[in-house]
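Asks: Fold the following for me, if possible:
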Amino acid sequence: MKRRTFLKGTLAGSTLAVATGAGLLTPSAVLAGTWPKAAFDTKDAAAAINAVMGSSDAAASGDIKIKAPTQAENGAVVPIKIETGMDNVESIAVMIKNNPSPLASMVALSGNAVGFYSTRCKMGKTSPVTAYVKAGGKLYSASQTVKVTVGGCGG
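Replies: Okay, here's the model as predicted:
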């Protein structure tokens, strides 16, 4: 290793450490969005979707496809995929009605993003899973029931 390269790297690293310690660099304030705490804390599905999307008035849509197991063997990790071909998709939310907190997941999209979202949710018991898609300023939804079994025995 060359001595000059080592000294330049050491000087640059210590300068960044001092700037961070002094509070001049705060990356958490730059990238963080607002957390919808009220939406995740509520026990009512309609209130949660209203808090996140601005309305709970959703039109049923056949353009939204939910890929989830009809019978989940393990409620701790239920894979859910939401797909839509709609234009101008702004956000996608997943609601699980019978969970203690119905809002399971939410993502905000921007620009020319494709209407696709994949997640794994925890489900305590059998429940309808509803996908809400906000596109072009309007709210659409689709629903599918997922049966949760213990150990996959079908009970």
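Asks: okay, now Met106: neighbour count?
Replies: 20 (other Cβ atoms under 10 Å). C-betas here are computed from N, CA, C, even on glycine.
Asks: Name the nearest residue to it, ignoring sequence neighbours.
Replies: Ala93 (4.2 Å; Cβ to Cβ, 6 or more residues apart in numbering).
Asks: bridging residues for that neighbour?
Replies: When bridges are called by DSSP bridges, Ala93 pairs up with Met106, Tyr132.
Asks: Okay, now the sheet partners of the longest strand anywhere in the chain, with direction.
Replies: Ranked by residue count and defined by DSSP state E, the top strand of the chain is strand 138-148. Here strand 138-148 has these sheet partners by DSSP bridges: strand 59-60 (parallel), strand 71-72 (parallel), strand 127-135 (antiparallel).
Asks: Just say helix, strand or coil for Ala47.
Replies: Assigned by DSSP: H, G, I helix; E, B strand; the rest coil, the conformation of Ala47 is helix.
Asks: which residues touch it?
Replies: Listed by Cβ atoms under 8 Å, 6 or more residues apart in numbering, the contact set of Ala47 reads 39, 56.
Asks: hmm, back to that, I'd like to know how many residues surround the residue nearest to Met106.
Replies: Neighbours of Ala93 (other Cβ under 10 Å): 25.
Asks: From Ala17, how far out is it?
Replies: Distance of Ala93 to Ala17, given as Cβ to Cβ, to the nearest Å: 40 Å.
Asks: next one: Ala131
Replies: For Ala131, the distance to Ala17 - Cβ to Cβ - is 45 Å.
Asks: more crowded one of the two?
Replies: Taking Ala131 and Ala17 together and counting by other Cβ under 10 Å, Ala131 has the greater number of neighbours (26 against 11).
Asks: quick one: the more buried one and Ser141 touch, right?
Replies: Yes. The criterion here is Cβ atoms under 8 Å, and Ala131 meets it with Ser141 at 6.6 Å.
Asks: which residues do those two both contact?
Replies: Ile64.
Asks: for the protein, what spans make up the helices?
Replies: 3-21, 27-31, 37-41, 45-53 (DSSP state H).
Asks: Confidence-wise, which of those is weakest overall?
Replies: When the helices of the chain are ranked by mean pLDDT, helix 27-31 comes last with a mean of 49.
Asks: For the residue nearest to Met106, list the residues it contacts.
Replies: 49, 52-53, 103, 105-107, 131-132.
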